[in-house]
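Asks: build me a model:
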Amino acid sequence: FAGLPTTKGVGVESPEFSCFGHRWTLELFPGGEEGSEDGYVAMYLQNRTEEAIEVKSNFIVKHPNGGEDVSDGWVNIVKFSPKGALGYDFARRSKL
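Replies: Numbering: from 1, shown residues only. Below you'll find the model as predicted:
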């Protein structure tokens, strides 16, 4: 995460991508979102289409030097409303 902002509430958004006929972006908050616990990285997956969709996902941050990867996701299926976003505190920044 070198070079990314660490100020709470300041995010970095991915380019738009598509999956299962929907357009998505991923927004990462390296310093955490406004409501995040201190020291956590927050992430939001954003549905950019006009249709709702149910999703079960897992996010993985690969270690660049072959160390331990960090993964987390929603255990249950979650519903994204049209143009809706869901997010959470992904992991402690010190683990990434």
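
Asks: now the helices for this structure?
Replies: Assigned by DSSP state H, the chain shows no helices.

Asks: in it, where is pLDDT below threshold?
Replies: 1 (pLDDT under 70).

Asks: skip the chain neighbours and tell me the closest residue to the residue most central in space within the chain.
Replies: Among the residues of the chain, the one closest to the centroid is residue 43, at 2.8 Å (CA atoms, centre = their mean). Leaving out its chain neighbours, the residue that sits closest to residue 43 by CB to CB, 6 or more residues apart in numbering is residue 90, at 4.7 Å. Placement of C-beta: from N, CA and C, glycine included.

Asks: from residue 49, how far off is the residue nearest to the centre of the chain?
Replies: With distances taken as CB to CB, to the nearest Å, residue 43 is found 19 Å from residue 49.

Asks: same question, residue 37
Replies: The gap separating residue 37 from residue 49 is 31 Å, by CB to CB.

Asks: now residue 23
Replies: Going from residue 23 to residue 49 by CB to CB gives 5 Å.

Asks: please verify my assumption that residue 88 contacts residue 43.
Replies: Yes. Proximity of residue 88 to residue 43 meets the contact threshold set by CB atoms under 8 Å, at 7.2 Å.

Asks: ranges for the strands of the protein?
Replies: Taking DSSP state E, the strands of the chain run over residues 12-13, 17-19, 22-29, 40-47, 53-55, 58-61, 70-73, 78-80, 85-92.

Asks: got the buried residues for the fifth one?
Replies: Read it as strand 53-55. Buried residues in strand 53-55, counted by 16 or more other CB atoms under 10 Å: 53, 55.

Asks: and for the last one?
Replies: Within strand 85-92, the residues that qualify as buried by neighbour count (16+ other CB under 10 Å) are 86-87, 89-91.
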